[in-house]
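K.L.:
sequence? don't have it. structure:
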Ligand SMILES: NC(=O)c1ccc[n+]([C@@H]2O[C@H](COP(=O)([O-])OP(=O)(O)OC[C@H]3O[C@@H](n4cnc5c(N)ncnc54)[C@H](O)[C@@H]3O)[C@@H](O)[C@H]2O)c1
């Protein structure tokens, strides 16, 4: 993590579960100062401020009007991401926006236009690809170290109670969006996808708690994307979150199971490789994207591609259509 550069003052907008890993990352990032937090639910911003310092903002407007705040992390429920990020950029703040940053391509175009007009960074919080092992995987793929890529797997198995899952909706948009931007980042855009979804353990929720998506990749490679809130994997070879890429001359595997510790927060907070992805992402946002003007590893184009893939998967599921061509925005 880089140590030189201007100090960036950052605010949290939304202080729920995912504020946990961001809060743990903040003290590790050079040139970053915590300004404070806003959350409409009483006690949540207060809890964050108690551990990180800064102030409690009572309204979003107080952050918009605070000239000492340079940037914000938008971690509201999904439906508020776009409107909140637009208001922040209009008031001159850089934004790191949690995934899925928007639900349509048109909304992402809108965010891009607002960032351009304001001269501010709008960076999708695609934290998974900031894991150093995945950056190495991409470099090795690009260098041809694995020969011709033949296959890839991205698997996610973390049990979420119905009470916890209630705030997120179906796993396709909520979790598989990580897989979609990751596959684009690592191996390029899938041409066609075929998807199946199911609901295993929800009694009240009507959305899916499991989904599998098969992708046809460039050069005839195939990828399997799997996300489940229905079961954790306690077996001797656990697939908590696994990325595997195989080629004609080699391959690579990255797994969250390399280390774990007892945690006091969300389902993944005791997994160091997951926590590390937030710190790497936040460091890039502050010390490269904002301070140096570098293009993020996670771009708005990746966010557009991820939505296009999810949309094609939805079409495959809803219409029971088998393979569906992915319609990309550009
Ligand atoms: N990158 C990851 O690995 C990861 C993990 C979990 C969640 N997320 C994403 O983070 C976001 C938040 O998820 P969460 O798990 O923290 O959910 P959460 O429900 O625990 O927290 C959301 C918080 O936003 C607050 N809020 C509601 N409306 C708001 C508004 N208009 N302005 C500001 N705050 C508002 C709520 O009171 C709540 O405290 C979601 O978009 C989710 O998809 C990402």
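P.N.:
In hand now; what should we look at? All of these numbers come straight from a predicted model, not from anything done at the bench.
K.L.:
do you know how far residue 266 is from residue 184?
P.N.:
In this view, residue 266 and residue 184 are 26 Å apart by CB to CB, to the nearest Å. Where you see a C-beta, it was placed from the backbone N, CA and C, and this is true even at glycine.
K.L.:
Of these two, give the one with the bigger neighbour count.
P.N.:
Remark: of residue 266 and residue 184, residue 184 carries more neighbours, 25 against 17, as counted by other CB atoms under 10 Å.
K.L.:
OK, contacts around that one?
P.N.:
190, 302, 305-306, 309 (CB atoms under 8 Å, 6 or more residues apart in numbering).
K.L.:
quick one: which of those residues is nearest the ligand?
P.N.:
The shortest approach to the ligand among those belongs to residue 306, at 12.7 Å (CB to the nearest ligand atom).
K.L.:
count of neighbours near the closest one?
P.N.:
28.
K.L.:
how close does it sit to residue 121?
P.N.:
19 Å.
K.L.:
likewise residue 10?
P.N.:
Relative to residue 121, and taking CB to CB, residue 10 is found at 12 Å.
K.L.:
Quick check: neighbours shared by the two?
P.N.:
residue 71.
K.L.:
Now residue 278: which helix or strand?
P.N.:
Using DSSP states H and E, residue 278 sits within helix 272-284.
K.L.:
on that earlier part again, out of the contacts of residue 184, the closest to residue 39 would be?
P.N.:
Nearest to residue 39 out of the contacts of residue 184 is residue 306 (CB to CB; 26.5 Å).
K.L.:
can I assume the closest one is in contact with residue 180?
P.N.:
Yes - assessed by CB atoms under 8 Å, residue 306 is found in contact with residue 180 at 3.9 Å.
K.L.:
ok but residue 237 is inside a strand, no?
P.N.:
No - Residue 237: not assigned to a strand; according to DSSP: H, G, I helix; E, B strand; the rest coil it is coil.
K.L.:
quick one: it from residue 154, how far?
P.N.:
Applying CB to CB to residue 237 and residue 154 gives a distance of 16 Å.
K.L.:
more crowded one of the two?
P.N.:
residue 154 (25 against 8).
K.L.:
Surely that one is in contact with residue 215?
P.N.:
No - the pair residue 154 / residue 215 is not scored as a contact, 9.7 Å apart, by CB under 8 Å.
K.L.:
More neighbours: residue 10 and residue 121, which one.
P.N.:
Legend: neighbour count by other CB under 10 Å for residue 10 and residue 121, higher for residue 10 (27 against 22).
K.L.:
rewinding a little: what is in contact with residue 154 and residue 215 at once?
P.N.:
By CB under 8 Å, 6+ apart, the residues touching both residue 154 and residue 215 are 183, 223-225.
K.L.:
Please identify which pair of the residues you listed lies farthest apart.
P.N.:
Among these, 183 and 224 lie farthest apart (CB to CB), at 10.0 Å.
K.L.:
Setting the sequence-adjacent residues aside, check what's closest to whichever residue of the stretch 151-300 of the chain sits closest to the ligand.
P.N.:
Distance from the ligand to each residue of the stretch 151-300 of the chain (CB to the nearest ligand atom) is smallest for residue 167, at 4.0 Å. Spatial nearest neighbour of residue 167, chain neighbours left out: residue 77 (6.7 Å); criterion: CB to CB, 6 or more residues apart in numbering.
K.L.:
That neighbour touches residue 169, doesn't it?
P.N.:
No - in this structure residue 77 lies outside contact range of residue 169 using CB under 8 Å: 9.4 Å.
K.L.:
These two: which is more packed in?
P.N.:
Each of residue 77 and residue 169 has its neighbours counted (other CB under 10 Å); residue 169 has more, 15 against 12.
K.L.:
circling back to that earlier point, how about the contacts of residue 184 in TSV, adding distance to the ligand and pLDDT?
P.N.:
Shown next, in TSV, are these (distance: CB to the nearest ligand atom, whole Å; pLDDT from 0 to 100):
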residue	distance to the ligand	pLDDT
190	21	98
302	14	97
305	17	98
306	13	98
309	17	98
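K.L.:
And the furthest pair within these?
P.N.:
Pairwise over the contacts of residue 184, using CB to CB, the maximum falls at 190 and 302, 13.0 Å.
K.L.:
of the two, who's got more company?
P.N.:
A direct count of neighbours by other CB under 10 Å for residue 190 and residue 302 places residue 190 higher, at 27 against 21.
K.L.:
what's the burial count for residue 102?
P.N.:
22.
K.L.:
Pretty sure it sits against residue 80.
P.N.:
No - Residue 102 is not in contact with residue 80 according to CB under 8 Å; the separation is 11.0 Å.
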